[in-house]
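K.L.:
could you work out the structure for the sequence below:
(chains A, B, C, D and E)
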Amino acid sequence: MNVKKIRPEKYLKYLYLPNLFGTQRTKEILSVNPTVIPQREEAKDVVVFVYDYDVNGIEERKLSSVKECFRYKHSNRISWVNIDGLRKAEVEAVCEHYAIHPLVVEDILSINQRPKMDEVEGILFCLLNMLYYNNEKQTVEQEQISIVVGKDFVVSFQEDASRDVFNPLRDRLKLNTSKVRQRGADYLCYSMLDLIVDNYYTVMEKLGDRIEFLEEEVIRNSNKRSLARINQLRKELIVLKRNIVPVRDLVGGILRSESELLDDRTTKYFKDVYDHIVQAIDLSENYRDIMMSMQDLYINNVNLRMNEVMKVMAIVTCLLAPATVIGGIFGMNFDAIPYLHNEYGFWIAVATMLIIPIWMITVFRRRGWF
Amino acid sequence: MNVKKIRPEKYLKYLYLPNLFGTQRTKEILSVNPTVIPQREEAKDVVVFVYDYDVNGIEERKLSSVKECFRYKHSNRISWVNIDGLRKAEVEAVCEHYAIHPLVVEDILSINQRPKMDEVEGILFCLLNMLYYNNEKQTVEQEQISIVVGKDFVVSFQEDASRDVFNPLRDRLKLNTSKVRQRGADYLCYSMLDLIVDNYYTVMEKLGDRIEFLEEEVIRNSNKRSLARINQLRKELIVLKRNIVPVRDLVGGILRSESELLDDRTTKYFKDVYDHIVQAIDLSENYRDIMMSMQDLYINNVNLRMNEVMKVMAIVTCLLAPATVIGGIFGMNFDAIPYLHNEYGFWIAVATMLIIPIWMITVFRRRGWF
Amino acid sequence: MNVKKIRPEKYLKYLYLPNLFGTQRTKEILSVNPTVIPQREEAKDVVVFVYDYDVNGIEERKLSSVKECFRYKHSNRISWVNIDGLRKAEVEAVCEHYAIHPLVVEDILSINQRPKMDEVEGILFCLLNMLYYNNEKQTVEQEQISIVVGKDFVVSFQEDASRDVFNPLRDRLKLNTSKVRQRGADYLCYSMLDLIVDNYYTVMEKLGDRIEFLEEEVIRNSNKRSLARINQLRKELIVLKRNIVPVRDLVGGILRSESELLDDRTTKYFKDVYDHIVQAIDLSENYRDIMMSMQDLYINNVNLRMNEVMKVMAIVTCLLAPATVIGGIFGMNFDAIPYLHNEYGFWIAVATMLIIPIWMITVFRRRGWF
Amino acid sequence: MNVKKIRPEKYLKYLYLPNLFGTQRTKEILSVNPTVIPQREEAKDVVVFVYDYDVNGIEERKLSSVKECFRYKHSNRISWVNIDGLRKAEVEAVCEHYAIHPLVVEDILSINQRPKMDEVEGILFCLLNMLYYNNEKQTVEQEQISIVVGKDFVVSFQEDASRDVFNPLRDRLKLNTSKVRQRGADYLCYSMLDLIVDNYYTVMEKLGDRIEFLEEEVIRNSNKRSLARINQLRKELIVLKRNIVPVRDLVGGILRSESELLDDRTTKYFKDVYDHIVQAIDLSENYRDIMMSMQDLYINNVNLRMNEVMKVMAIVTCLLAPATVIGGIFGMNFDAIPYLHNEYGFWIAVATMLIIPIWMITVFRRRGWF
Amino acid sequence: MNVKKIRPEKYLKYLYLPNLFGTQRTKEILSVNPTVIPQREEAKDVVVFVYDYDVNGIEERKLSSVKECFRYKHSNRISWVNIDGLRKAEVEAVCEHYAIHPLVVEDILSINQRPKMDEVEGILFCLLNMLYYNNEKQTVEQEQISIVVGKDFVVSFQEDASRDVFNPLRDRLKLNTSKVRQRGADYLCYSMLDLIVDNYYTVMEKLGDRIEFLEEEVIRNSNKRSLARINQLRKELIVLKRNIVPVRDLVGGILRSESELLDDRTTKYFKDVYDHIVQAIDLSENYRDIMMSMQDLYINNVNLRMNEVMKVMAIVTCLLAPATVIGGIFGMNFDAIPYLHNEYGFWIAVATMLIIPIWMITVFRRRGWF
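P.N.:
Residues are numbered from 1 along each chain as shown, chains lettered A, B, ... in the order given. Below is the predicted model of the structure:
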């Protein structure tokens, strides 16, 4: 008999709404990266964009193959090669051409990597995640981006061609007067990090809206679904924190770096990104505090309501008990019971049945039990 | 049918008092700053005050346009330009005139920025918030202030012309003998930070009064409104902490700075501000501890009261149960029931109904259940 | 009607014992120091003691006015000027005479200041609190003391003439052979700090006694007053911690200091004070842990007792329910009810009423529900 | 009578499933290492493998006795001596031959040692644990490995011959073109640490699966077994954390080391291992957070279900109470009771018995108590 | 009447077992050390052992008076003077002879001192506690030991002659070939610290056994005594932690020290002790975690059992309520009640009384309420 299996549907029916208590989500959060390269699925499409520019002009190209981008290495201009979609063979080809260390290649191809920054053989390497908020599933999604900064070039690797946060940068690149056109590869790298970090704020704003909506719900209704939603949101905050906290170290590493790639004039820009990421971390702590305070509120509200119900039931039961006793007394079959043959006996008994609970209510009221 | 919607009003009616559970407030606390300049609304009015002074004299001017203040730059005296109200164009004009770096301009115009301190190209830049306590809404309000310290000048930008904390400074400036008149721009900056930090204490004192009032309420009444108020106060403490903790780093940064703008004699004054802000942070931790202790007390009080009620109800129900049984026994229709035809049978039964509960009370009492 | 107002007296009567839940105490703990000098009330009496000594002799004087102490500055001997009672004019006079920086004067006159140490213009300045345990109110009281150490002098400012912790020092000063007479002003300062810190232990011992007494009470009686007492004690521990933790930094600052005022031979004495204050902080952490563990115990005990009561009530109600049913069965007015006309019918019914609960008790017992 | 002993089986039957609440496991976790060498049982078998290689060739040997490996010390090639199974005499013999300090020998022979790294007399010594996940017992198992790196040799000591994580390394050693063959003993050491750390991820993945499975169970069923499982998993996370956190210091120590044994080119490889171990620690913090959140969920679910049951019981009891009273009223034996002789009296009474609960249900519903 | 005083015995009888809830123990833990020397009771017996040795030979003497040991100071051999039992006069005599600073003397005579290390005037001074586990009282006992290391001597002061942990050292001293005989006073000091720290592990093993035993009890029985035992064990862990954490700083201080007393060859031995003490601290954290997890388990188990009982009672009461109602219905005295005169009326009523609860059970079962 499937009695056991039916149970939870009865008292926890809310749980079966799609996406509410995603253990699927837990799986994603807990998944690890044993640096075993084959685990990464080869991207279906690889799209390569090249922006080759200096103060005087810019050439923008969409290439069909990674090999075509090789010739830009010696263009004497700054070139930004952006590769959407990761395929082992092609990443290795590009990296070999740009003399990037094999360990960096391994990192680019890894998945679920912790954001980090490295200086290897005259190359500056940043690996971090862009975050997006999926409105439908109400989850924080991440896309790994690797940025390799060299003397006159920046090579960036993204997982997914469909979206990124760099469109404002692309617009600015086309303007002859924009600062990014006046400066070197380090400023381009700064611009990219700046856009990624600014996008974290966009994601946090969405999470903030969600928290606010949830708090509203907890206050007004405290229904059981709220618990599932709080639980889910806590997981998203874990994802958020995991992605932004190490970025502080990443930018801090750039600030402390003495690499020749970094112009002194660019340092204050990275300092600015650093301030932003520190503020984002602060803010995510505030989110956490407010979540905890909301969970306290939820539990208190559920308890208050439960207490209210139990109290009313107990009071009703208690108020009716004396009437039962009186009924029992005059229902006894003794020969001699006073008032039994009295004309108003019945009414006196019924009146007593009413008076005692009323008196009890008065007492309880005075004692503050209602 | 709107049965569902009516519910919370029934058991949580207290929640609908205005401003009690402000999710609006949560929204403000969670709001973020993606450095997107257009978000800041242009101020309606811009008011510029200039104080141009040295040991010998002071000139105080209220200017109608920011441009008029430009000539004070070369006055050979210390000039304090205070601009109330932020408009992009005007801030940029001033900053260009004073050769302030564009990143600083961006910070000045940003909103919800984390307090920070920067040294950029011979300029010392402090950004922090003045706090006010709104008695009506019982919230901590913040107003961003940016202070730019240069060789012979201080330029400060405030969001709002209606209020600030600098009146004591203005009074002191008018006194020929005051220390601020003997010293340079760094001492002026110290005076401003000192007044801002001292004002934090004023705000904390108001919050302290509120905590005390709330504790009084929790102890005496523990009504349901208290929970809402505790929740609200926790949020205000988050706002407070978020604004004062980074100020420690700000002042610490000035102390560690080796800028030529800072006279050695002024260091001990900044050290004094530093001590004050550290004490403020300490104190805000104490506030937090007392809030937690109050929340424990609230929950304990609610539980105590609930327990009390349930106990009384259970006891009453339990005490009346034997009477019901006895009533049942002599209400049975057996032919042969002892005492049924006895003259005092009824009284014996009723007496038993009384004696058993009295005996039970005695036993319960002895066991400490009352 | 004042029903609402009566309530708490009913279920929380214990709260009205004087001093139990001092929100007054909360007010004191939360009070802040906005460095606004006028807030300090002028002391009624100012008492000045001077000890002017070297290896060969000591002169002890009680002066009627602070001005009389000025001549000791040039006595070529070590002079300790102890001023009990703070009045703005007099503090400023003394400080001017001894060339003490105005910021230090401000600190001396401030109230509720965080313990701190400063080196200003060849002067060593320590500000901290002496703690006393008020047996009557069961609170930790504090008295601010400022110690200014110069080349050949120590000036100390106390708030209150009625008590301090320096009597053992005064005794030792009178002994020609005592070490304090052989050494300089730094050793005198060490002696004062040592006595202040040792006195912290005396206060902690009193608090420890109180904790022990409270634990005894919680274990034996767990009455409702205990909660109020735990709450009060937590506040006193906050006061304690707030006063002793910054003293570690104070003494640490002296140890790191390279002031010429500090003889190398005295360093190990300050190291000793440092060890004592670190131990005091450790111990106060232990106090906190034991308090938390006691609060857990209290809540558990209250719950255990409540559970016990509810269980007994539920069991009694439950045991009597079958008797009610049987009574009901044989009280029905059907014509044909078996055993109704049987001679022993009644006794059979009553026996059943007894047997069923006994059987239930047996079952419950076996299942471990008693 | 063994009533007392039967109890727990009744209400906690789930506890007797094998391996669920392993106090045996607690014993293992709590066991300590008093450096008392005799406690380690002598291994039954000792298996020695030697890999003696350089760029040109490799010699692989399985030796029957530790003494046979001595001659490889002077082979002018890199030699990796791997000893499976620890026997005091043999470990001492090897260490004497390789001039390893007696303290290191003591560490190799100790059990339950904390992972650590040491540089002693020209030798680099790493001691850490390999972790395996035992699917059957669902525990994390550990095997101590000691790695001694010298000029041209690596000696590794494992406890157990049956398993290790070095097979991929053995494969790579056989390839002439593999990097490990081009480099020195430091790279070999890196390869070993890398494999050990990567294996931690494999173990964590298993734990992650377990957490996910458990979360699924808690959400769907929240049966009592879940509590035991959460408890067990918390213990495994303690084991995990204890083993991986000190490895960060270990690798950090190698990075900071200035030993001549470490080639500059190898540093970035150790940096890579460092990044991996930091990420593993981060991830284990996430595991912990999710466990806490799951425990909250479990407790909430249990309470929700309990509340649900109690509420229904209270409501049923409460709804039937009025019927009892009405039955009592018309069961009284007064002479004059209205409707008693009415034809429809009975039906009116029964109808009232039905109407009152229905009305109560309506009221309760409207108030949101269902 | 002593009703109030009887109470706790009734519901907390378990509390009166000897040593269970030792507030006496709390007193000991909270006791402080105001450096007031007279508080230490003079030891009854003072036992002095001298070991005067070098590579070639050893002289072991038990002396009757501390003065006799003075001549060993100039023996040109290493001498270890171990004094069991502290008397002010004798400690001062020894210290004067060995030119030990008075502050050190004060520390040796103090009680409840925090473990510390000091370098004073060419002397190395360590003060720490040996721990023993008292099986009878189940407490951790401490005995203070002071170790003074000089050029050619070690003087150690113990409180109690009856026990210490140095017997293995004494054995090794008698062996001509043992390392301690080849080395200087620093190695002797290392040997002593090593034995003391190793002994911590022995104590922790006993505590570990106790935790395991307690966990077993909590799982199987969760009786009320467990709470008292958990409480007691938490106190012992506080004692443990307080004694071992500062020892890390002590050994760390020796490692950082540049004293001439410490031979470079001995450093790695102290490094080894350092590793051991760090591991001990780690382990004590694990103990704490497991204790917390056990307390959670205890509370959960108590709640589960309570819930179980309340649920059964509520269900029984609820199941019998319909029978009461039916009994009431047919007990009413209306003239016209259907089935009243039916032959099987009674049986129909009784059957209904049985059928309704059975139906209720079925429904409850299906909903998962059993």
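K.L.:
spatially nearest residue to A:Asp107, not counting backbone neighbours?
P.N.:
By the measure of C-beta to C-beta, 6 or more residues apart in numbering or on different chains, the closest residue to A:Asp107 outside its immediate chain neighbours is A:Leu127, 5.6 Å from it. Any C-beta I mention is one placed from the backbone N, CA and C, and that applies to glycine too.
K.L.:
give me the buried positions along the one helix or strand the one you found maps to.
P.N.:
Mapping A:Leu127 onto the secondary structure by DSSP states H and E places it in strand A:123-134. Buried residues in strand A:123-134, defined by neighbour count with 16 or more other C-beta atoms under 10 Å in any protein chain shown: A:Ile123, A:Leu124, A:Phe125, A:Cys126, A:Leu127, A:Leu128, A:Asn129, A:Met130, A:Leu131, A:Tyr132, A:Tyr133.
K.L.:
before we move on, what about stretch A:162-180?
P.N.:
Of the residues in stretch A:162-180, those scored as buried under the neighbour-count criterion (16+ other C-beta under 10 Å) are A:Asp164, A:Val165, A:Phe166, A:Leu169, A:Leu173, A:Val180.
K.L.:
so the second one makes contact with A:Tyr200?
P.N.:
No: under the contact definition of C-beta atoms under 8 Å, A:Val165 does not touch A:Tyr200, with a separation of 9.7 Å.
K.L.:
what about the residue of chain A at minimum distance from chain C, how many residues close to it?
P.N.:
For chain A, the residue closest to chain C is A:Gly368, as judged by C-beta to the nearest C-beta, at 3.4 Å. By other C-beta atoms under 10 Å in any protein chain shown, the residues close to A:Gly368 number 19.
K.L.:
report the separation between the residue in the stretch 251-370 of chain A that chain D sits nearest to and E:Val140.
P.N.:
The shortest separation between the stretch 251-370 of chain A and chain D is 2.1 Å, found at A:Gly327 (distances taken as C-beta to the nearest C-beta). Noted for A:Gly327: a distance of 65 Å to E:Val140, by C-beta to C-beta, to the nearest Å.
K.L.:
ok, these two, which is more surrounded?
P.N.:
When A:Gly327 is set against E:Val140 and neighbours are counted by other C-beta under 10 Å, the residue ahead is A:Gly327, at 26 against 23.
K.L.:
state the phi and psi torsions of that one.
P.N.:
The phi/psi pair for A:Gly327 (degrees, to the nearest 10) reads phi -50, psi -40.
K.L.:
hang on, it packs against D:Pro322?
P.N.:
No: at 11.7 Å, A:Gly327 does not count as touching D:Pro322 under the criterion of C-beta under 8 Å.
K.L.:
whichever residue of the stretch 201-350 of chain A sits closest to chain E: neighbouring residues, count only.
P.N.:
Scanning the stretch 201-350 of chain A for the residue nearest chain E gives A:Gly331, at 6.8 Å (criterion: C-beta to the nearest C-beta). Burial of A:Gly331 is recorded as 27 neighbouring residues (other C-beta under 10 Å).
K.L.:
okay, it: pLDDT?
P.N.:
pLDDT, the model's per-residue confidence, is 89 for A:Gly331.
K.L.:
wait, what's in contact with it?
P.N.:
A:Gly331 makes contact with B:Gly327, B:Gly331, C:Gly331, D:Gly328, D:Gly331, D:Met332, D:Asn333, E:Gly331 under the criterion C-beta atoms under 8 Å, 6 or more residues apart in numbering or on different chains.
K.L.:
what about it, distance to D:Ala321?
P.N.:
From A:Gly331 over to D:Ala321 (counting by C-beta to C-beta), the distance is 17 Å.
K.L.:
show me the shaky parts of the stretch 251-370 of chain A.
P.N.:
Within the stretch 251-370 of chain A, the set of residues satisfying pLDDT under 70 comprises A:370.
K.L.:
and the contacts of stretch A:66-80?
P.N.:
Residues external to stretch A:66-80 that are found in contact with it (C-beta under 8 Å, 6+ apart): A:46, A:48, A:50-54, A:63, A:81, A:83, A:90, A:93-94, A:97-98, A:152-156, A:173, A:184-185, A:188.
K.L.:
quick one: buried residues of that stretch?
P.N.:
A:Val66, A:Cys69, A:Tyr72, A:Lys73, A:Arg77, A:Ile78, A:Ser79, A:Trp80.
K.L.:
any idea how far the fourth one is from A:Val94?
P.N.:
When C-beta to C-beta is the yardstick, A:Lys73 and A:Val94 sit 10 Å from each other.
K.L.:
with A:Ser284 instead?
P.N.:
34 Å.
K.L.:
and A:Tyr287, by the same measure?
P.N.:
38 Å.
K.L.:
for A:Arg61, same thing?
P.N.:
Going from A:Arg61 to A:Val94 by C-beta to C-beta gives 15 Å.
K.L.:
do the same with A:Asp272
P.N.:
Look at A:Asp272 and A:Val94: by C-beta to C-beta, they are 30 Å apart.
K.L.:
which residue comes closest to A:Lys241 once chain neighbours are left out?
P.N.:
Distance criterion C-beta to C-beta, 6+ apart; nearest residue to A:Lys241, sequence neighbours excluded, is A:Ser284 at 5.5 Å.
K.L.:
contacts only, for that neighbour.
P.N.:
Taking C-beta under 8 Å, 6+ apart as the definition of contact, the neighbours of A:Ser284 are A:Met204, A:Leu237, A:Leu240, A:Lys241, A:Ile244.
K.L.:
mind checking which of these are buried?
P.N.:
Among the contacts of A:Ser284, the ones that count as buried by 16+ other C-beta under 10 Å are A:Met204, A:Leu237, A:Leu240, A:Lys241, A:Ile244.
K.L.:
among these, which are in helices?
P.N.:
If you go by DSSP state H, the buried ones among the contacts of A:Ser284 have A:Met204, A:Leu237, A:Leu240, A:Lys241, A:Ile244 in helices.
K.L.:
I'd like the residues you listed laid out as JSON lines, including distance to A:Ile219 and pLDDT.
P.N.:
Compiled in JSON lines, these are given as follows (distance: C-beta to C-beta, whole Å; pLDDT from 0 to 100):
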{"residue": "A:Met204", "distance to A:Ile219": "22", "pLDDT": "92"}
{"residue": "A:Leu237", "distance to A:Ile219": "20", "pLDDT": "91"}
{"residue": "A:Leu240", "distance to A:Ile219": "24", "pLDDT": "93"}
{"residue": "A:Lys241", "distance to A:Ile219": "26", "pLDDT": "92"}
{"residue": "A:Ile244", "distance to A:Ile219": "29", "pLDDT": "94"}
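K.L.:
which one of these is nearest to chain B?
P.N.:
The shortest gap between chain B and any of those belongs to A:Met204, at 5.3 Å (C-beta to the nearest C-beta).
K.L.:
the closest one reaches A:Ala280, doesn't it?
P.N.:
Yes: applying C-beta under 8 Å as the test, A:Met204 and A:Ala280 come out as touching, 6.7 Å apart.
K.L.:
contact partners for A:Asn176?
P.N.:
Contact partners of A:Asn176, counting by C-beta under 8 Å, 6+ apart, are A:Val55, A:Asn56, A:Gly57.
K.L.:
next, A:Asp263: phi, psi?
P.N.:
Backbone geometry at A:Asp263, expressed as degrees, to the nearest 10, gives phi -70, psi 140.
K.L.:
actually A:Ser259, not the one I typed
P.N.:
Dihedral pair for A:Ser259: phi -60, psi 150, per degrees, to the nearest 10.
K.L.:
can you give me the neighbour number for it?
P.N.:
The burial metric for A:Ser259, expressed as a neighbour count using other C-beta under 10 Å, is 12.
K.L.:
residues contacting A:Tyr339?
P.N.:
A:Phe330, A:Gly345, A:Ile348, A:Ala349, D:Phe334.
K.L.:
which one of the residues you listed is nearest chain B?
P.N.:
Ranked by distance to chain B (C-beta to the nearest C-beta), those are led by A:Phe330 at 8.6 Å.
K.L.:
A:Ala349 is in contact with that closest one, correct?
P.N.:
Yes: taking contact to mean C-beta under 8 Å, the distance of 5.4 Å between A:Phe330 and A:Ala349 places them in contact.
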